Each structure stands twice: as C-alpha cells, then as structure tokens.
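Trainee: fold the following and give me the result.
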Amino acid sequence: MNYICQQCKQPLQLDASLVDLSPSAYDMIAASLPPAPSPTSRSISRAEKLAQLPSPTSVKTAWQRAAQNSPSPHSPRKPSQPHAQPRTPALPTESFVLLQDSVVRRIPSPAPSPASHPKKLANAKSRQNGSPAHQGAAADAEVTHPNPSPLSHHLRSTLRLFNLLSSRTELDHPLCAECTQSLLETLTKQLEETKKERDGYIAFEKEVRKEREREREGPSKAEVDAKIEKLKDEERIAIEQLKALELEEKALEEEEAEFWRSHNAHLLRSAEQAAQLASLRAAYAADSAALDKLERTNVYNDAFCIGHDGVFGTINGLRLGRVPGVPVEWAEINAAWGQTLLLLYTIARKLDFTLDGYRLIPMGSFSRIERTSGDKATYELYGSGDLHLGRLLHNRRFDFAMVAFLDCLKQVIDYVRSQDAHVDFPHQIVKDKIGEASVKLQFSQEEAWTRALRHVLLALKLLLKWTTNGSNG
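Mentor: This is a model prediction of the structure:
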C-alpha cells in the first residue's frame, strides 16, 4: 500500500515500527492523543492551560473574563456556562494475545470471491490516495474480513492510527519527516512567542499591582502640603540662584567686553609699534648700506684721480710731461704739478708727518716749495716755454723745485716703510732720479722727464692707497 504526505503530496515509506504496530502500542498512542477539537473543548482547554500557568489569580481572572467576553470565530456570542468534560474515545477493550510470526504466517486467509474483487480494488486505490474518507472506507472493509492476513491487519491498524490522528488534530495525516520537522519548528516558535507574551502580561500585572499598592499607601494631605511647601521653597531658592547667576553673567559680559576693548587697543598699539619698528629697521638698513658705501668710498681717490694717458701720467685728467710730437701746454703741466704738490701735502698732513727742511705751499698752477733751513730759498714749481734769459733762470729754479719735491716724496716714503715693511714701491729715489730717470728738464730729454714724472705719480698713488686703507687710514 502506498501513502502520500497530506502536506507536500510526496510518496511516503512507512517506518518499520508503524508496520509492525502492536495493539498495546496503538492503545498507548491513542491514550496520549488530545480529544477531538470542538468549540467547547477549545474553551475548556484554554482554561485548563491558564490554570496551569504560574501567574497571579488576578491575571488569570482578567484573562478568563477576556476569553469569555471575546466572541468565538465559529459560534455566536453566548454567556459562558460550565461544560461537562468531553468524552474521550472508547479505547479498544478487547483482549488480545501476542502471537509469534510463525503462528501468524500459518493463519490461512480466505479465498477471495469473484464478487469481492471490485471492492478490493477500490480499497486499494483509496489507500494509495491516502484521504481520510477513503481510509474510513478501508477501515469498514476490515469488518468484512474476519480473518485477515497478518500484513493487511497491520496495515489496517496503521490506517486506523492515521485516521485517529487526523480526527484528533487540525492536520491530516500521514506527514513526511520534512513536513513534521517544519510543523515542530512552527509550533516551537509559537510556544516561545506565547511564553514571552505571558511573561509580559505577568510583568505588567506586577507593575499595575505595585502602582495600586502605592496609591493605597500614598501620603497624607499634611505630608503632601509639606512637600508642596518644600518644593515652593526650593523653587524660590532656585529663582534666587538664577537671578544671582544672571547678575554674574552680566558682570562677566561687561568684563569680557572690557577685556576685548583693551585687547583691541593693545593690538592697535602693537600694530603701530610693529610698523614703527619696521620703519626704523628699514631706515637702519638704508643708513647701514649708505654708511657701508661711504666707508668703502675713498674721497682722496675722487679728489686726486691718478691715471695715465698714453705715455703721460695724469692727475685729475691733467697730463704731466711732454714728448716730441704731442704738444702739452705749460698751463696744463703747471696745473698738474699744483695738484701733485697738493696731494703730497695732504698725505703728509693726514699722516701727521713733518717734512725735514721743506715746507710745501700748494697754490694751484703757481705752487712753491720753501726751504726751512740753509738759505731758506723759495722754488717755484711751474715752468714756461719762453727762451729769454730770465725765463731760463726761472726754469732752473723749476728744476730745483722738482728735485726738492722728489726729496720730500722720499722722506714720506721712508716714513711709510718704517711703519709698514710690507709696502713695496717699485722705483727707488736717488737724489734727482726716480727709477733711473731724472726729474730735471733743463739737461735731459723730454721722454726721460715724462717717464720720471710718471714714476712720481705712481709713487704718490701707492702712498695715497696706504694712507687711506692702511693701518693709518
């Protein structure tokens, strides 16, 4: 016989325990099943379940009232009345004897008559379909066979068990293992939710009861009035504290405003001082640069610029000397000698050096040199191109003046060498010669005279450099 699951409609294979189900096992299963569901039995079962819950009596009473007042979905609303206990199905009371398999196999089965074949086929089809109606018909067919075979007897017992389960529960049987497991999980979840709901009701009932107890045990009117007075005092104190805080807040706001005013004034003063400091620093930098430039500036080099122009030595652009083919006016030569004498006079004065036997008198183009010892003669340091006898005597005095100037130059050079041994002058001065060239013009050639004057200017330039940049500068 084939069975199908009444939920998923999949074919089933019965367990061996159901195939070999004994009458005692059948009685135990039937006794453990709940009674058939009915409206009255359902309300009674809820009351029984409520009685088994560990909840207070007041909660149970409220729950019972709610259950009684709520209308049933299957019947109209009626007042609750006590109901009698439902009748449990009559258990099989016939006596039975356990037989061995060898004895059962020996029980002969009656030969089927030809007229019974259509009915058996119909029963077989109904068993294959597994519906409760067909299963009931198969159970009635069991009566027509007083001596069934052992296998058909067990199958019919199993079918009766399924019919009993279907009549006692809200689901049709049989069920497969998967559908049974799903059903158990669903019922378990419903049980857990019901327990949580029950616990919530119990906690709520406890809180309601505590609140009612607190209401019954509430304070007296005097205590309430005292509490009100106390709260009023606390309110008055809080208001006073709030006013004090408001006054303190106003004072803090004024203090903060004063602080920001002083802070802003300080920032303005600081900005002004920073700007003034930046201006002073800029002025200091500019003055320092100017001072550095002035310190590097040699006014003597600007006042006495010594250079050369071809074979001529120059001082402030004035040529000193003459060569054939390049006529140089005596006015230029005399002005150049005046600048040369002034330079030697300035160097001696800056070095605080006193010449021995001579006194320099710088007078431009008419400069002179006086002797301070001996005949105390005066020598004119300027010449002329005239050839008359008086001019020749003057030119002789011009030569004496140039020799005297060379002597004065030698005295200053010797003084500088005594102060600094590292100073080197390339041309030696011996009497009227400097660098093997005589400064006399009367008996020498113009080229040699011009060369001697160029050596004189070079010596003066070295003296000026040492004077302004050396240890005495």
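
Trainee: pLDDT at L267, what is it?
Mentor: Listed pLDDT for L267 reads 95.

Trainee: show me what the strand or helix carrying it is packed up against.
Mentor: Using DSSP states H and E, L267 sits in helix 221-296. With contacts taken as 3 or more Cβ pairs under 8 Å, 6 or more residues apart in numbering; DSSP states H and E, helix 221-296 sits against no other helix or strand. In this view, the C-beta of every residue, glycine as well, is placed from N, C-alpha and C.

Trainee: from now on call the first residue 50
Mentor: Yep, numbering from 50; the last one is helix 270-345 now.

Trainee: I'd like the next helix or strand past that helix.
Mentor: According to DSSP H and E, the helix or strand after helix 270-345 is helix 348-352.

Trainee: for that next one, packing partners?
Mentor: helix 495-518.

Trainee: show me what the helix it packs on is packed against.
Mentor: helix 348-352, strand 355-358, strand 361-364, strand 367-369, helix 379-399, helix 438-468, strand 482-483, strand 486-487.

Trainee: just checking: what are the partner strands of the last one?
Mentor: In its sheet, strand 486-487 lies beside strand 482-483 (antiparallel), with partners assigned from DSSP bridges.

Trainee: any chance of the helices and strands packed on helix 495-518 in CSV, plus mean pLDDT and distance to S319?
Mentor: Shown next, in CSV, are the helices and strands packed on helix 495-518 (pLDDT from 0 to 100; distance: least, Cβ to Cβ, whole Å):
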stretch, mean pLDDT, distance to S319
helix 348-352, 84, 44
strand 355-358, 91, 56
strand 361-364, 93, 59
strand 367-369, 93, 61
helix 379-399, 93, 50
helix 438-468, 85, 55
strand 482-483, 91, 69
strand 486-487, 89, 73
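
Trainee: for T207, find the nearest of those.
Mentor: helix 348-352 (140.1 Å; Cβ to Cβ).

Trainee: straight-line length of stretch 57-74, end to end?
Mentor: 28 Å (Cα to Cα, to the nearest Å).

Trainee: what about F308, distance to E278?
Mentor: As for F308, its distance to E278 is 44 Å (criterion: Cβ to Cβ, to the nearest Å).

Trainee: hmm, I was thinking of Q322
Mentor: 65 Å.

Trainee: same question for the helix or strand harbouring S66, mean pLDDT?
Mentor: Using DSSP H and E, S66 maps to helix 65-68. Mean pLDDT, helix 65-68: 70.

Trainee: got it, and stretch 291-304?
Mentor: On average, stretch 291-304 scores 95.

Trainee: I'd like the helices and strands packed on helix 495-518 as a markdown table, with distance to S328 and mean neighbour count appended.
Mentor: Below are the helices and strands packed on helix 495-518 laid out as a markdown table (distance: least, Cβ to Cβ, whole Å; neighbours: other Cβ atoms under 10 Å):
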| stretch | distance to S328 | mean neighbour count |
| --- | --- | --- |
| helix 348-352 | 31 | 12 |
| strand 355-358 | 43 | 14 |
| strand 361-364 | 45 | 23 |
| strand 367-369 | 47 | 23 |
| helix 379-399 | 38 | 20 |
| helix 438-468 | 45 | 17 |
| strand 482-483 | 56 | 22 |
| strand 486-487 | 60 | 21 |
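
Trainee: mind putting those into JSON lines with distance to M412?
Mentor: Formatted as JSON lines, the helices and strands packed on helix 495-518 follow (distance: least, Cβ to Cβ, whole Å):
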{"stretch": "helix 348-352", "distance to M412": "17"}
{"stretch": "strand 355-358", "distance to M412": "20"}
{"stretch": "strand 361-364", "distance to M412": "16"}
{"stretch": "strand 367-369", "distance to M412": "15"}
{"stretch": "helix 379-399", "distance to M412": "7"}
{"stretch": "helix 438-468", "distance to M412": "12"}
{"stretch": "strand 482-483", "distance to M412": "24"}
{"stretch": "strand 486-487", "distance to M412": "25"}
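
Trainee: compare those and give me the one nearest A332.
Mentor: Between the helices and strands packed on helix 495-518, helix 348-352 lies closest to A332; by Cβ to Cβ that is 24.4 Å.

Trainee: quick one: residues in contact with that closest one.
Mentor: If you take Cβ atoms under 8 Å, 6 or more residues apart in numbering as the criterion, helix 348-352 is touched by T395, L513, T516, T517.

Trainee: the same query, at a cut-off of 7 Å, please.
Mentor: The contact list for helix 348-352, computed with Cβ atoms under 7 Å, 6 or more residues apart in numbering, reads L513, T517.

Trainee: and the protein, what are its domains?
Mentor: 52-85+138-222, 225-266, 268-346, 349-518 (automatic domain parsing).

Trainee: which of the ones you listed is buried the deepest?
Mentor: Most buried of those by mean neighbour count (mean count of other Cβ atoms under 10 Å) is domain 349-518; its value is a mean of 17.

Trainee: check the separation of the first and last residues in it.
Mentor: Terminal-residue distance, domain 349-518 (Cα to Cα): 11 Å.

Trainee: about what we covered before: next secondary structure after the helix holding S66?
Mentor: By DSSP H and E, the next helix or strand past helix 65-68 is helix 72-81.

Trainee: which strands and helices sit next to that following helix?
Mentor: helix 199-217 (3 or more Cβ pairs under 7 Å, 6 or more residues apart in numbering; DSSP states H and E).
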